[in-house]
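**Student:** Predicted model and sequence below, questions to follow.
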Amino acid sequence: MTVIDEIKNRSVPVDNAIDTLLPVKNPPGLYEASRHIVKAGGKRLRPAVLLAANEAVGGNPDKAVSAAVAVELMHTFTLVHDDIMDNDPVRRGLPAVHTIWGEAGGILAGDTLYSKAVEIITESDAEPKQLLKAANILVKTCVEVCEGQWLDIDFENRDSVFKEEYLEMIEKKTAVLFGAAAQIGAVLGCADEKTGQALYDFGRLTGLGFQIYDDVLDLTTPSEILGKRQGSDIVEGKRTLLMIHALEHGAKPKAFGKGDATPEEIQEAIDVLTKSGSLDYVKNLAVSYVEEGKSKLDILPDSNAKKVLLDIADYMLYRNF
C-alpha cells in the first residue's frame, strides 16, 4: 500500500466524523462558511500523523478520530484567517471563505472552527487525564501559530529578514501543529513522556521540512495542480527562505513583489533562483530537517504504523502540491 493510500484510509473516518461533529445548523450561513474549506478536501496530513502516532504507541486509533478532527479543524481555522490577512482569493481550488461570506463571515467561520476543535478534543474517547493534556497541547499550539502568523505579517513591513527569524516563523506557524498532532496521538495512546516528546519532535522537524519545501512548490508547481496562483509568494514580495537566500547572493527575480507578474516572469524567477543555487539550498535544508525528524522515531518498535509515519515524512518532500 502506498503512502497516499495510507493517508486516504485514515482520512475516511475523519471525513465521516467531520460531518457528524460539524453539522450545518442555525444559523446555516455560519456553518456553511465553517465547513467550506474543510469539505473541500486537503491532504489530511495532520490527522494521518495523529492516528498513525496513536497506533504506533499501542493505542486504538478508532478512539482518536475525534482528536484528529479537532486538529484538522484547528488547521483549517488558521487557513481561513490566513487567507483574510493575505487577501488570497483561492484556497484548495475554491473561492476563499472571505470572498463568499465577507471578511466578517470569514473571521466568524475561523472562530467557530477553533472553538469546535477545542470542544471536540475534550469530548474524545479517553481518560480525563489524557484529554486534559491533549487539549492543553492543542490550545498552546494555537497560541504559537498566532505568534508565527504575527511574525509573518511583520516581515512584510521589513526590508530584510534573517534566516533564523524565518525559521522561527515557520516553526510556529506550521511545524508546531504537526508536532502537536503526533504528540496528541501519543498522549491518547498512553505513551510515556519521553515517547510523546520524541513524536512531537518528529512532527515539528518534518513540519519544518514540509513548509520549507512548500515554498519551493509555490514557485515551481502550475496553478491547476497547486490550487492557487503559481508563484504567489514571489509576486506578493514575501521573504521566504528562497528569497532570503537569493537576495543574500545578489539574485532578485523581476517577479518579486510584482503583483501582475506574467507566466514568463514566473519562469524567469525559477531560472534566477536555480542559477543562484537558492532552490538547491532550500531543497537540501528541507531534506535535512525531515531526516532528523525521522531519526526521532528510533524510540518506537517496528510496526506498520511506524513505517507509515516514516513514509509520511518522505512524502513531505516528494509531493507535487
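**Tutor:** Everything's here; your move. Predicted, not measured: the structure shown is a model, and the values here were computed from it.
**Student:** buried stuff in stretch 1-11?
**Tutor:** For stretch 1-11, the neighbour count (16 or more other CB atoms under 10 Å) marks 3, 6-7, 10-11 as buried. C-beta: built from backbone N, CA, C; applies to glycine.
**Student:** Pipe the residues you listed into a markdown table and attach pLDDT and secondary structure per row.
**Tutor:** Formatted as a markdown table, the buried residues of stretch 1-11 follow (pLDDT from 0 to 100; DSSP: H, G, I helix; E, B strand; the rest coil):
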| residue | pLDDT | secondary structure |
| --- | --- | --- |
| Val3 | 92 | helix |
| Glu6 | 94 | helix |
| Ile7 | 94 | helix |
| Arg10 | 95 | helix |
| Ser11 | 94 | helix |
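**Student:** Which pair of the residues you listed spans the longest distance?
**Tutor:** Within those, Val3 and Ser11 form the most distant pair, 12.4 Å apart (CB to CB).
**Student:** Which secondary structure element of the protein has the lowest mean pLDDT?
**Tutor:** Taking mean pLDDT, DSSP states H and E as the measure, the chain has helix 223-226 as its least confident helix or strand, at a mean of 78.
**Student:** and the residue nearest the centre of the chain, what pLDDT?
**Tutor:** Nearest to the mean C-alpha position of the chain, by CA atoms, centre = their mean, lies Thr174 at 5.1 Å. Residue-level confidence at Thr174 comes out at 96, pLDDT.
**Student:** Kindly report the same for the one 3 residues further on.
**Tutor:** The per-residue pLDDT reported for Leu177 equals 98.
**Student:** before we move on, the earlier item: what is in contact with Val3 and Ser11 at once?
**Tutor:** Overlap of the contact sets of Val3 and Ser11 (by CB atoms under 8 Å, 6 or more residues apart in numbering) is empty.
**Student:** contacts for stretch 13-24?
**Tutor:** Residues contacting stretch 13-24 (CB under 8 Å, 6+ apart): 31-32, 34-35, 38-39, 44, 47, 51, 62, 65-66, 68-69, 72-73, 116, 120.
**Student:** Show me how far it is from its chain's centre.
**Tutor:** 20 Å (CA atoms, centre = their mean, to the nearest Å).
**Student:** quick revisit: distance to Leu317 for the buried residues of stretch 1-11 - can I get that in TSV?
**Tutor:** As requested, the buried residues of stretch 1-11 are exported to TSV (distance: CB to CB, whole Å):
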residue	distance to Leu317
Val3	12
Glu6	16
Ile7	15
Arg10	20
Ser11	20
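**Student:** Phe162: neighbour count?
**Tutor:** Around Phe162 there are 11 other residues, counting by other CB atoms under 10 Å.
**Student:** now the one 5 residues further on
**Tutor:** One way to gauge burial is a neighbour count; for Leu167, by other CB under 10 Å, it gives 18.
**Student:** In a helix, it, correct?
**Tutor:** Yes - when classified by DSSP: H, G, I helix; E, B strand; the rest coil, Leu167 is found to be part of a helix.
**Student:** So it sits against Leu208, correct?
**Tutor:** Yes - here Leu167 reaches Leu208: they are 7.1 Å apart, a contact under CB atoms under 8 Å.
**Student:** Once you drop chain neighbours, what's closest to Asp125?
**Tutor:** Excluding its sequence neighbours, the residue lying closest to Asp125 (CB to CB, 6 or more residues apart in numbering) is Lys63, at 4.1 Å.
**Student:** right, and the secondary structure at that neighbour would be what?
**Tutor:** In three-state terms, and counting by three-state DSSP, Lys63 is helix.
**Student:** That one and Glu123 touch, don't they?
**Tutor:** No - between Lys63 and Glu123 there is no contact under CB under 8 Å: 11.8 Å.
**Student:** Low-confidence regions, the stretch 101-250 of the chain specifically.
**Tutor:** 227 (pLDDT under 70).
**Student:** Helices along that one, start to end?
**Tutor:** Listed in chain order, the helices found in the stretch 101-250 of the chain under DSSP state H, counting those that start in this stretch are 128-155, 163-170, 176-188, 193-220, 223-226, 232-235, 241-248.
**Student:** Mind putting these into TSV with distance to Asp111?
**Tutor:** Below are the helices of the stretch 101-250 of the chain laid out as TSV (distance: least, CB to CB, whole Å):
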stretch	distance to Asp111
helix 128-155	12
helix 163-170	23
helix 176-188	18
helix 193-220	24
helix 223-226	28
helix 232-235	25
helix 241-248	31
